[in-house]
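Enquirer: Sequence unavailable; structure follows:
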């Protein structure tokens, strides 16, 4: 490793980089961890040198206040010490491991190696948050963002005629809706479908990220109608480009937002090649909804809580208790829903009556989760945050849109359509970034109006009957509306 950083002769340096990368792959997981910690700690910046330069800088006498330096040889000379120390400071603030990253980036196979290395760093950080390793990761991430700018990426339309090695990558890395067989893959790359990927010259034949698109007459409500659409409509009749899956192939590129640029490039390309398409939307999963929902529905003793928010209207609760008799029982409607959704048998989806009575409360709570539940001012749901920061709006929430085991586990089968209105993309992205404002259709907002009324009723009851330490809980909930 030291040779790969300190060596300057080209031929010897190439050998040193080869030895370093090959040696790294031969290490055990624990020895990789030791090497990365050594890199992070022993090849960091020289803080003693930085402090000395800062001391020198602070000792310099600034030009007289209010008097601009004359643009003469003498005037420039009075600032030469500032320029010199500033230059030295910029250099000293770069850690030594930057040299290794830069050299690997221009070395054959180096970018792929750096991605694998960062995947290991993230794995170790998930086990233990080590400050020096976190700094190493942050620096490498910033480098990758620069090196993987859209200008350095190639947009490729992936088709059935591409090499088998590339198609195998698509099957292996599809993360949203697994590809079941070659017939399924051929359908996703055939008539009425598109698949686009970003490729980098340093990692040939392997997309860094890819997106699957269905060309439809209208925005789809269920994933079943997208995946099982056979035969598809003639492409000339399509009015909607539906993005139904986006997958990254490199764990080491986590946090490098290639998807944002990919979606915008694909929108531009489709608009150019297919002017009849005017609607750009997604059919997206809601991966965090079930975890959040179960925490709200769980009985007080599960979380040792003194406050339980009543999420159901009286008529909803009685309907649920009646419809769920043959499946489970509980002291109230919330406990019944909690038991039904916690079960991995998902028997409730086979009862038309039970599914119907569950749809209203689960849909309105889903709207609340997507629109109002936030972390650091941004949407709590990871997929939602991704599309909203890219400039999309929440268009529609769909009941029983994904009946697969994963869909039921993630979100009780609910999926959401995010809409990319071309003329408002930049405006939406800016308002979300600066103020955390989430744009949504009236249809989605209407769910919240129902919720608001319910909370207000419970709030008024609470003001009349609850002890003071609980009143503030309802008030904080009401305040979010």
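Expert: Perfect, I can see it now. Nothing here was measured: the structure is a model prediction, and the numbers come from that model. Numbers count the residues shown, from 1 in each chain.
Enquirer: which residues touch the one helix or strand residue 91 maps to?
Expert: Here residue 91, judged by DSSP states H and E, is contained in helix 80-92. Here helix 80-92 makes contact (Cβ atoms under 8 Å, 6 or more residues apart in numbering) with 45, 46, 49, 50, 53, 54, 56, 57, 60. (C-beta placed from N, C-alpha, C; glycine too.)
Enquirer: Backbone dihedrals for residue 203, both of them.
Expert: phi -130, psi 70 (degrees, to the nearest 10).
Enquirer: Could you tell me which residues make contact with it?
Expert: 111, 112, 115.
Enquirer: how about the helices in the stretch 101-250 of the chain?
Expert: Remark: helices assigned in the stretch 101-250 of the chain by DSSP state H, counting those that start in this stretch are 110-127, 131-147, 164-173, 182-188, 223-227.
Enquirer: which one of those helices lies closest to residue 375?
Expert: helix 110-127 (18.1 Å; Cβ to Cβ).
Enquirer: Any regions of the protein where pLDDT drops low?
Expert: Applying pLDDT under 70 to the chain flags residues 1-2, 7-11, 64-78, 301-307, 450-481.
Enquirer: if we can go back for a sec, what about the contacts of helix 80-92, which are in helices?
Expert: 49, 50, 53, 54, 56, 57 (DSSP state H).
Enquirer: ok, the second one to residue 156 distance?
Expert: Yep, that's residue 50 we're talking about. 44 Å (Cβ to Cβ, to the nearest Å).
Enquirer: same check, this time on the fourth one
Expert: Using Cβ to Cβ, one obtains 48 Å as the distance from residue 54 to residue 156.
Enquirer: Measure how buried the closest residue to residue 185 other than its chain neighbours is and give me the count.
Expert: Nearest residue to residue 185 in three dimensions, chain neighbours excluded: residue 179, at 5.1 Å (Cβ to Cβ, 6 or more residues apart in numbering). Counted with other Cβ atoms under 10 Å, the neighbours of residue 179 add up to 20.
Enquirer: Also residue 273?
Expert: 10.
Enquirer: Could you report the separation of residue 215 from residue 267?
Expert: 13 Å.
Enquirer: cool, residue 92 as well?
Expert: Residue 92 is 44 Å from residue 267, by Cβ to Cβ.
Enquirer: check contacts around residue 216.
Expert: Residue 216 neighbours (Cβ under 8 Å, 6+ apart): 192, 226, 229, 233, 238, 239, 240, 242.
Enquirer: Could you rerun that using 6 Å?
Expert: For residue 216, the contacting residues are 240, 242, by Cβ atoms under 6 Å, 6 or more residues apart in numbering.
Enquirer: same deal with residue 169?
Expert: Residue 169 neighbours (Cβ under 6 Å, 6+ apart): residue 206.
Enquirer: And for residue 33?
Expert: Taking Cβ under 6 Å, 6+ apart as the test, what residue 33 contacts is residue 124.
Enquirer: ok, and it, which helix or strand is that part of?
Expert: helix 29-42.
Enquirer: on that earlier part again, higher neighbour count, residue 215 and residue 267?
Expert: Ranked by neighbour count (other Cβ under 10 Å), residue 215 and residue 267 place residue 215 first, with 24 against 18.
Enquirer: Residues in a beta bridge with that one, which ones?
Expert: Beta-bridge partners for residue 215, by DSSP bridges, are residue 241.
Enquirer: how much space is there between it and residue 237?
Expert: 9 Å.
Enquirer: State the number of residues packed around residue 417.
Expert: So residue 417, with other Cβ under 10 Å, has 22 neighbours.
Enquirer: correct me, but residue 280 touches residue 240?
Expert: No: counting by Cβ atoms under 6 Å, residue 280 does not reach residue 240; the two are 7.6 Å apart.
Enquirer: At which residues are the strands of the stretch 351-481 of the chain located?
Expert: 374-375, 378-379, 393-398, 415-419 (DSSP state E, counting those that start in this stretch).
Enquirer: circling back to that earlier point, among the contacts of helix 80-92, name the buried ones.
Expert: 45, 53 (16 or more other Cβ atoms under 10 Å).
Enquirer: Compile the contacts of helix 80-92 into CSV and extend it with columns for distance to residue 19.
Expert: Shown next, in CSV, are the contacts of helix 80-92 (distance: Cβ to Cβ, whole Å):
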residue, distance to residue 19
45, 25
46, 26
49, 29
50, 31
53, 34
54, 37
56, 39
57, 40
60, 45
